[in-house]
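Engineer: sequence and predicted model, in that order:
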Amino acid sequence: MPTTFLPDFCGLRVVFAVVVIGEMLALVLSLAPAVGGDRWSDLGLVSLYVQWVALTGIAVLCFARRHLARLDDVPAASAAYLLLLGVILGVSLIALALADLLGLDVLLPVGWRDGFVWRSLAIGAIAAAVSLRYFYVRHQWQRQVLAESRAHLEALQARIRPHFLFNSLNTAASLTRSRPEVAERTIEDLAELFRASLANPSSGVPLEVELELARSYLNIEQLRLGERLRIDWQVDEVEEECAMPALIVQPLLENAVYHGIEPRAEGGTIHVRGSRENDSYVLVMENPLPNKGAPRSGGNHMALENIGARLEAFFGSDGLLETLLVEDRFRATLRLPMRGRA
């Protein structure tokens, strides 16, 4: 997550949002009683001027963001505010000069010629202050969501399910004489799981590492459940860097085992499919639902809401978790943007 509250002003979404907000401001100004004249003609002129100021301000903040990111919140906000006021002053003076040079001053909306620069500065100062305040509040909200998701993950790490540990160790112990190589691999898989659970929850991991962790978990459970647990693993190789929050896939598979496979006497198959779709990597996990009347396992698992919140804190609106009941199966779909994360 960015350390500064200022967004990426070079990003298409921010530019689009600023254009829309600028057009709304132009509409309000055109409807103001002080403007008068032909309101639709005024709207065109005011929109042109407001968008000129808005896009120029965005361009200046885009180039200055690297320097602003090195400052604390208050100095960064002050510098960005002064830059925006400078842009408003410069554009308003250029607009007046061009109007005088080209003889277009008569096209200015009624009442805008007198005090045009000061009027622009006053309105721009209010709009800039409101916008920067909005960016700050949004950043603080994102930090709160991220802090809560980290707290959930740390609580999960502190409450590693004892039965899973004991069952895994018992499985490995039972194989030490008959199949020592399998027992050794089970201990290694268990070690990988615990290493990941004790890692820094704030740092992302490559998707390949998360998938290997999921395979390690399924290997252990498959040894424990035997033929009751069947795995259909059809995951394409990840060709590009794709980072994601740690411990996202494994808890979803844990839910599939403890709430879908264990309650069924005959067991079932967990289907895992992964492939590239446009600019995202899509991972789909399906498991059968328990038979009617079958007891449900109360396994220690991460809530789906928490996984969704962690994805949103990590990717913004680009990451997505979808869950769906399809006839007698439960499906969880992860959509992960194919881009690295520093």
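Structural biologist: Everything's here; your move.
Engineer: what segments of this protein are helices?
Structural biologist: Here the chain has its helices, by DSSP state H, at 12-31, 39-68, 73-102, 116-158, 162-175, 180-197, 207-225, 249-256, 304-315.
Engineer: got any ranges where this structure has weak pLDDT?
Structural biologist: Where the chain drops to pLDDT under 70, the residues are 1-3, 32-42, 102-114, 149-166, 196-203, 239-240, 293-303, 339-342.
Engineer: mean neighbour count, the helices of the chain: which tops it?
Structural biologist: Among the helices of the chain, helix 249-256 has the highest mean neighbour count (mean count of other Cβ atoms under 10 Å), at a mean of 23. From N, CA and C alone the C-beta is placed, and that goes for glycine too.
Engineer: with just CA atoms, put that helix into CSV.
Structural biologist: The C-alpha trace of helix 249-256 is given here as CSV (Å, rounded to 0.1, in the frame of the first residue of the first chain):
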residue,chain,number,x,y,z
VAL,A,249,-5.5,-20.0,-1.3
GLN,A,250,-4.7,-22.4,1.5
PRO,A,251,-7.6,-21.3,3.8
LEU,A,252,-10.0,-21.6,0.9
LEU,A,253,-8.8,-25.2,0.3
GLU,A,254,-9.0,-25.8,4.1
ASN,A,255,-12.6,-24.8,4.0
ALA,A,256,-13.2,-27.2,1.1
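Engineer: which elements pack onto it?
Structural biologist: helix 207-225, strand 268-277, strand 280-288, strand 329-337 (3 or more Cβ pairs under 8 Å, 6 or more residues apart in numbering; DSSP states H and E).
Engineer: give me the angle between that helix and helix 304-315.
Structural biologist: Angle of helix 249-256 versus helix 304-315, following axes from the mean of the first three to the mean of the last three Cα atoms, to 10 degrees, is 160 degrees.
Engineer: relative to helix 116-158, how tilted is helix 249-256?
Structural biologist: Going by the same axes, to 10 degrees, helix 249-256 makes 60 degrees with helix 116-158.
Engineer: re earlier: take the helices and strands packed on helix 249-256 and write them to TSV, including distance to residue 140.
Structural biologist: Written out in TSV, the entries for these read as follows (distance: least, Cβ to Cβ, whole Å):
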stretch	distance to residue 140
helix 207-225	29
strand 268-277	33
strand 280-288	28
strand 329-337	24
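Engineer: between those, which gets nearest to residue 122?
Structural biologist: Closest to residue 122 of the helices and strands packed on helix 249-256 is strand 329-337 (Cβ to Cβ; 41.1 Å).
Engineer: partners of the closest one in the sheet?
Structural biologist: The strands that strand 329-337 pairs with in its sheet are strand 280-288 (antiparallel), strand 320-326 (antiparallel) (by DSSP bridges).
Engineer: mind listing what's buried in that strand?
Structural biologist: Using 16 or more other Cβ atoms under 10 Å as the test for burial, strand 329-337 gives 330, 332-337.
Engineer: among those, which one sits closest to residue 17?
Structural biologist: residue 337 (19.3 Å).
Engineer: contact partners for that closest one?
Structural biologist: 242, 279-280, 315, 318-319 (Cβ atoms under 8 Å, 6 or more residues apart in numbering).
Engineer: go with 7 Å
Structural biologist: By Cβ atoms under 7 Å, 6 or more residues apart in numbering, the residues touching residue 337 are 279-280, 315, 318-319.
Engineer: possible to save the residues you listed as JSON lines with distance to residue 225?
Structural biologist: Below are those laid out as JSON lines (distance: Cβ to Cβ, whole Å):
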{"residue": "279", "distance to residue 225": "37"}
{"residue": "280", "distance to residue 225": "32"}
{"residue": "315", "distance to residue 225": "33"}
{"residue": "318", "distance to residue 225": "36"}
{"residue": "319", "distance to residue 225": "31"}
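Engineer: are any of those buried, and which?
Structural biologist: Counted by 16+ other Cβ under 10 Å, the contacts of residue 337 give 280, 315, 319 as buried.
Engineer: is it true that the first one touches residue 333?
Structural biologist: To tie it back to what came earlier, the one meant is residue 280. No - Residue 280 is beyond contact range of residue 333, at 10.7 Å (criterion: Cβ atoms under 7 Å).
Engineer: hmm, back to that, with distance to residue 273 added, can I get the helices of the chain in TSV?
Structural biologist: Formatted as TSV, the helices of the chain follow (distance: least, Cβ to Cβ, whole Å):
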stretch	distance to residue 273
helix 12-31	30
helix 39-68	39
helix 73-102	44
helix 116-158	26
helix 162-175	25
helix 180-197	22
helix 207-225	12
helix 249-256	12
helix 304-315	18
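Engineer: of those, which is nearest residue 323?
Structural biologist: helix 304-315 (6.1 Å).
Engineer: which strands and helices sit next to that closest one?
Structural biologist: helix 116-158, strand 243-245, strand 320-326 (3 or more Cβ pairs under 7 Å, 6 or more residues apart in numbering; DSSP states H and E).
Engineer: try 8 Å
Structural biologist: helix 116-158, strand 243-245, strand 320-326, strand 329-337.
Engineer: figure out which of the ones you listed is closest to residue 194.
Structural biologist: Ranking those by proximity to residue 194 (Cβ to Cβ) places helix 116-158 first, at 9.4 Å.
Engineer: and that closest one, what other elements does it pack with?
Structural biologist: helix 12-31, helix 39-68, helix 73-102, helix 304-315.
Engineer: how does the protein divide into domains?
Structural biologist: The record's domain parsing of the chain by automatic domain parsing lists 12-146, 159-337.
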